[in-house]
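Whatever this is, show me its structure:
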Amino acid sequence: MAKFRYCERVQTHFPVVFAGEAYVGEGTVLNVSVPGCAVHSRKRVQSGSYLEMRMLVPDTTSPLRVGLAKVRWCEGRRFGVEFIQMPGEDQVYLGRLVKNEVPLALPPRSSA
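Model prediction:
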């Protein structure tokens, strides 16, 4: 059964650090939308658990902060979260990012 998406998702590939009640993990944000994101990580998480997250979006001076997120699904090394609490300015930036109002730069290449 296909998952119904009610919000636009943007394909991404940027680092994320997350913390649960008794662990810290890191991974890669695969896609992001206003209500949540999908993450690939070696750290296993439990569906239904809560996380705090810092997404390292390229070309930003500080990470995108998620004060509280709930893990909604897990498939192998991938999981999806719903954002529950986020600072206002980070919500605004995320909305602009999803609407492609903010360019998502690729990592810089070395000019060797």
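
Which strands and helices lie in contact with the lowest-mean-pLDDT helix or strand in the chain?
For the chain, the helix or strand with the lowest mean confidence is helix 88-98, at a mean of 91 (criterion: mean pLDDT, DSSP states H and E). If contacts are counted by 3 or more C-beta pairs under 8 Å, 6 or more residues apart in numbering; DSSP states H and E, helix 88-98 sits against strand 24-32, strand 64-75. Every residue, glycine included, has its C-beta placed from N, CA and C.

Using CSV, please lay out those strands together with distance to residue 8.
Formatted as CSV, these follow (distance: least, C-beta to C-beta, whole Å):
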stretch, distance to residue 8
strand 24-32, 10
strand 64-75, 17
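
angle of the strand or helix carrying residue 14 against helix 88-98?
According to DSSP states H and E, residue 14 maps onto strand 10-19. Strand 10-19 and helix 88-98 are oriented at 150 degrees to each other (axes from the mean of the first three to the mean of the last three C-alpha atoms, to 10 degrees).

and strand 10-19, what does it pack onto?
Using 3+ C-beta pairs under 8 Å, 6+ apart as the test, strand 10-19 ends up in contact with strand 24-32, strand 36-41, strand 50-55.

Of all the residues in the least confident helix or strand of the chain, which ones are buried?
Neighbour-count burial for helix 88-98 flags 90, 93, 94, 97, 98 (criterion: 16 or more other C-beta atoms under 10 Å).

cool, stretch 8-25 as well?
9, 12, 14, 16, 18, 25.

Residue 52 is nearest to which of the helices and strands packed on helix 88-98?
Evaluated over these, closeness to residue 52 peaks at strand 64-75, with 6.2 Å, by C-beta to C-beta.

Could you check how far the closest one is from the centre of its chain?
Strand 64-75 has its C-alpha centroid displaced from the chain centroid by 8 Å (C-alpha atoms, centre = their mean, to the nearest Å).

just stretch 67-82 next, same as before
Distance, centroid of stretch 67-82 to centroid of chain: 9 Å (C-alpha atoms, centre = their mean).

what comes up buried for that stretch?
69, 71, 79, 80, 81.

ditto for stretch 40-51
The neighbour-count check on stretch 40-51 (16+ other C-beta under 10 Å) flags 41, 45, 50, 51 as buried.
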